[in-house]
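K.L.:
okay, sequence plus prediction incoming.
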Amino acid sequence: MDSSSTLSYPAAGGCLSLYAGKSSCGAVPRFVVSLTMHVDRQVLEDAANEVIFLFPHLRVRLVKDAGAYAFAPEESRIHVRDGLGGGDVLGSGPDPYLFRISCSFKTVCFDIHSSLLDERGMLAFVKSVIFRYIQLSGYEIDNDGSVRCLKGELPRESADDPFDAMEDIPASRPAWYMDAKAFNIPLPVSDAAGCHVVQMQIPLSRLRSHAREYADVPETFISPIVSHALLQEYGAPMAAGEYVVAAVSVNLRRFFPTLSLKPFSINLSLAYNRKFGDYPFNTILMSQKKFIEAQLKPDALAYNALRTVADYEKISEGKSQDERMRLAADAAARQAKSSTYMLHNAGTVGMPSSMMRYVTEFYPIYVPSVHPFVLSSVIFGNVLVLTAAVKEGCRSAGLCRRIVSLMNENDICAFISDEFDFVPMKYKPL
């Protein structure tokens, strides 16, 4: 069959990261999983090649079709790389895919281009591969329904863009801080692609006082503390009328169920204007909760989603590859200007207890792209794992330690569990 007749096109949620060119240096986040046993690369490769049939829209390579990006079907075998180093280029060598799996000792890394999966989609794919790997390794494990597996008939997942259904939902602009003037962290002079990563852990069982009320929506207490730390670190030149604004990634599947596995996230804005010392911490948390709830109403989510679709349609209407890239770069610049930093939430890692016995770490790393400071969070084993990535060349000494200190000062038990330099996987537009 001629591949041109089976081409698919990026969904609205993944279009920007394909076309944004230089701003796409952070378009390849990583999921890290550590196991109790040393990883057998060949068994892991077999597991990935079985599980990929549950995620058919990943089995594609990037091509050009009349100057536009498209995905062509790909049948080549998935190769697992030895070593966890980043800095390589996706789609090069024997692997035409926009994702890569690598392993070393007891750790497995999944680098996946954000045009294919959002945070929740990555979580589902990673769990499936790890579950199948444990099975093929001969360890005792069963499924409680929380992991996509190969048992029974393969699911017929929709290949539609989930954003298409949003056009029929009544939308209205929330009258909150959607358009607050954001303070922007000065970008480093260096154009290096590396970043410094600090991992923080917050045992949810040890949350005390008012903070316990917000465990289900951790952005409520994460964002004001991070915003205050950034204000202290960078806020000296901040102009009057500016705010530290967090762009919080929200997965729409929670509110608008869909069979599609394509990216389905939007960003909502949380402006920080009630400073510690001026107000009790609980008052700050209550105001943040109101800001979040106002933007999580169906009409507000639809309004926000339609703005994503509008950017996608504008980029798609470009008459040439260069024009599409220029439009994408403009959209990325607007996103960067409208917020100070980014917060991705992958949700809760739900897995069978028999699988949990073999998994010791499970967390994402979202790396800087349009923002020099990016946070990602996931709840694993009743512990909130918060991973910060700061672009190389940015002033970062003591920033995460200040975040942890502020948390502990406000009855949120937190500590730094790891710190390292990281060069993310690269993506080079065709």
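P.N.:
Received it, and whenever you're ready, just let me know what you need. Numbers count the residues shown, from 1 in each chain.

K.L.:
what about M342, how many residues close to it?
P.N.:
Counted with other Cβ atoms under 10 Å, the neighbours of M342 add up to 24. C-beta coordinates here come from the backbone N, C-alpha and C atoms, glycine included.

K.L.:
against G138, how distant is it?
P.N.:
Distance, M342 to G138, by Cβ to Cβ, to the nearest Å: 41 Å.

K.L.:
F53 too?
P.N.:
Counting by Cβ to Cβ, the gap from F53 to G138 is 22 Å.

K.L.:
which one of those two has more residues nearby?
P.N.:
More crowded of F53 and G138, by other Cβ under 10 Å: F53, with 11 against 8.

K.L.:
that one in helix, strand or coil?
P.N.:
Three-state call for F53 (DSSP: H, G, I helix; E, B strand; the rest coil): helix.

K.L.:
low-confidence regions, the protein specifically.
P.N.:
Residue ranges of the chain with pLDDT under 70: 1-5, 21-26, 92-93, 151-159, 175-179, 188-192, 209, 395-397.

K.L.:
how far away from the center of its chain is whichever helix or strand L16 is part of?
P.N.:
If you go by DSSP states H and E, L16 is part of helix 12-19. Relative to its parent chain, helix 12-19 has a centroid offset of 14 Å by Cα atoms, centre = their mean, to the nearest Å.

K.L.:
and D421, that one's in a strand?
P.N.:
Yes - assessed by three-state DSSP, D421 belongs to a strand.

K.L.:
I'd like the distance between it and K275.
P.N.:
In this view, D421 and K275 are 32 Å apart by Cβ to Cβ.

K.L.:
and for Y214, the neighbour number?
P.N.:
Number of residues near Y214 (other Cβ under 10 Å) recorded here: 20.

K.L.:
what's the closest non-adjacent residue to it?
P.N.:
Distances taken as Cβ to Cβ, 6 or more residues apart in numbering put T220 closest to Y214, at 4.0 Å, once the chain neighbours are dropped.

K.L.:
S353: how many residues sit nearby?
P.N.:
Other residues within reach of S353, judged by other Cβ under 10 Å, total 9.

K.L.:
which strand or helix spans the closest residue in space to it that isn't next to it in sequence?
P.N.:
Of all residues not flanking S353 in the chain, D144 sits nearest, at 7.8 Å (Cβ to Cβ, 6+ apart). For D144, there is no host helix or strand (DSSP H and E).

K.L.:
again with A247
P.N.:
For A247, the host element (DSSP H and E) is strand 244-251.

K.L.:
show me the contact partners of that strand.
P.N.:
118-120, 177, 180, 182-183, 219, 223, 226-228, 230-231, 235, 264-272, 292, 296, 301, 335, 338-345, 347, 371 (Cβ atoms under 8 Å, 6 or more residues apart in numbering).

K.L.:
how about a cut-off of 7 Å?
P.N.:
For strand 244-251, contacts defined as Cβ atoms under 7 Å, 6 or more residues apart in numbering pick out 118-120, 180, 182-183, 219, 223, 226-227, 230-231, 264-272, 338-345.

K.L.:
quick one: work out the angle between it and helix 12-19.
P.N.:
Counting by axes from the mean of the first three to the mean of the last three Cα atoms, to 10 degrees, strand 244-251 points 120 degrees away from the direction of helix 12-19.

K.L.:
packing partners of the next helix or strand after strand 244-251?
P.N.:
Heading C-terminal from strand 244-251, the first helix or strand you meet, by DSSP H and E, is strand 265-272. Packing contacts for strand 265-272, counted by 3 or more Cβ pairs under 7 Å, 6 or more residues apart in numbering; DSSP states H and E, involve helix 219-234, strand 244-251, helix 281-295, helix 298-316.

K.L.:
same list, these, but as JSON lines with distance to Y19 and mean neighbour count please.
P.N.:
Formatted as JSON lines, those follow (distance: least, Cβ to Cβ, whole Å; neighbours: other Cβ atoms under 10 Å):
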{"stretch": "helix 219-234", "distance to Y19": "28", "mean neighbour count": "23"}
{"stretch": "strand 244-251", "distance to Y19": "19", "mean neighbour count": "24"}
{"stretch": "helix 281-295", "distance to Y19": "27", "mean neighbour count": "18"}
{"stretch": "helix 298-316", "distance to Y19": "6", "mean neighbour count": "19"}
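
K.L.:
just so I know, which of those lies nearest A20?
P.N.:
Between A20 and the helices and strands packed on strand 265-272, the tightest spacing by Cβ to Cβ is seen for helix 298-316, at 9.2 Å.

K.L.:
what ranges do the helices span in this protein?
P.N.:
12-19, 41-51, 119-136, 219-234, 281-295, 298-316, 321-337, 353-356, 399-409 (DSSP state H).

K.L.:
hang on, the earlier thing: isn't the residue nearest to S353 up against G350?
P.N.:
No - between D144 and G350 there is no contact under Cβ atoms under 7 Å: 8.7 Å.

K.L.:
who has more neighbours out of these two?
P.N.:
Each of D144 and G350 has its neighbours counted (other Cβ under 10 Å); G350 has more, 14 against 11.

K.L.:
can you count the residues close to the closest residue to the more buried one other than its chain neighbours?
P.N.:
Distances taken as Cβ to Cβ, 6+ apart place S146 nearest to G350, at 4.3 Å, with adjacent residues excluded. Per other Cβ under 10 Å, the neighbour tally for S146 reads 14.

K.L.:
S146 and A11, how far apart?
P.N.:
For S146, the distance to A11 - Cβ to Cβ - is 25 Å.

K.L.:
do R402 as well
P.N.:
R402 is 38 Å from A11, by Cβ to Cβ.

K.L.:
those two: who's more crowded?
P.N.:
A11 (25 against 17).

K.L.:
list the contacts of that one.
P.N.:
D161, F163, K262, P263.

K.L.:
how about R120?
P.N.:
Contacts were defined as Cβ under 7 Å, 6+ apart; by that measure R120 touches N251, R253, A346, G347.
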